[in-house]
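1. here's a sequence, model it:
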Amino acid sequence: MENLQELRYKIDDIDTQIIHLLAKRCSIVQNIWLYKKSHNLPLWDQKRQKELLQANVDRWQDVALSREFIIDLRERIHSESLNIQQ
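-> Purely as a prediction, here's the structure:
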């Protein structure tokens, strides 16, 4: 069995990976914003957001995270994407 310090190191490493992935996602969001702007598309597509949320909840139902957590996380990520695009 691993000791507590090793386990905490693994958690810290995963947290760092999550932040880097979210930063990479934000970079893509900026490109989406540029595309939307140049094609006069709306910033937010409520129908798509609703469909994505349901698809994510359905796709991730077998992971060890609560439905509420998945919904909250997805909504927070989307909110940050909107902030980036403004």
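2. which SSE is Asn40 in?
-> Using DSSP states H and E, Asn40 maps to neither a helix nor a strand.
3. which residues touch it?
-> Not one residue lies near Asn40 by C-beta atoms under 8 Å, 6 or more residues apart in numbering. Any C-beta I mention is one placed from the backbone N, CA and C, and that applies to glycine too.
4. how about it, phi and psi?
-> Per-residue torsions, Asn40: phi 50, psi 50 (degrees, to the nearest 10).
5. and the residue nearest to the spatial centre of the chain, how far from Asn83?
-> The chain has Ile77 as the residue nearest its centroid, 4.2 Å off, counting by C-alpha atoms, centre = their mean. In this view, Ile77 and Asn83 are 11 Å apart by C-beta to C-beta, to the nearest Å.
6. who does the lengthiest helix in the chain touch, helix- and strand-wise?
-> As assigned by DSSP state H, the longest helix anywhere in the chain is helix 4-38. The helices and strands touching helix 4-38, judged by 3 or more C-beta pairs under 8 Å, 6 or more residues apart in numbering; DSSP states H and E, are helix 67-85.
7. distance between the helix it packs on and the chain's centre?
-> On the basis of C-alpha atoms, centre = their mean, to the nearest Å, helix 67-85 sits 6 Å off its chain's mean C-alpha point.
8. likewise stretch 13-21?
-> Distance, centroid of stretch 13-21 to centroid of chain: 12 Å (C-alpha atoms, centre = their mean).
9. now stretch 50-57
-> Counting by C-alpha atoms, centre = their mean, stretch 50-57 comes out at 12 Å from the chain centroid.
10. check which helix or strand covers the closest residue to Glu75 other than its chain neighbours.
-> Nearest residue to Glu75 in three dimensions, chain neighbours excluded: Leu53, at 7.5 Å (C-beta to C-beta, 6 or more residues apart in numbering). Element membership of Leu53 [criterion: DSSP H and E] is helix 46-59.
11. residues making contact with that helix?
-> Residues contacting helix 46-59 (C-beta under 8 Å, 6+ apart): Arg67, Ile70, Ile71, Arg74, Glu75, His78.
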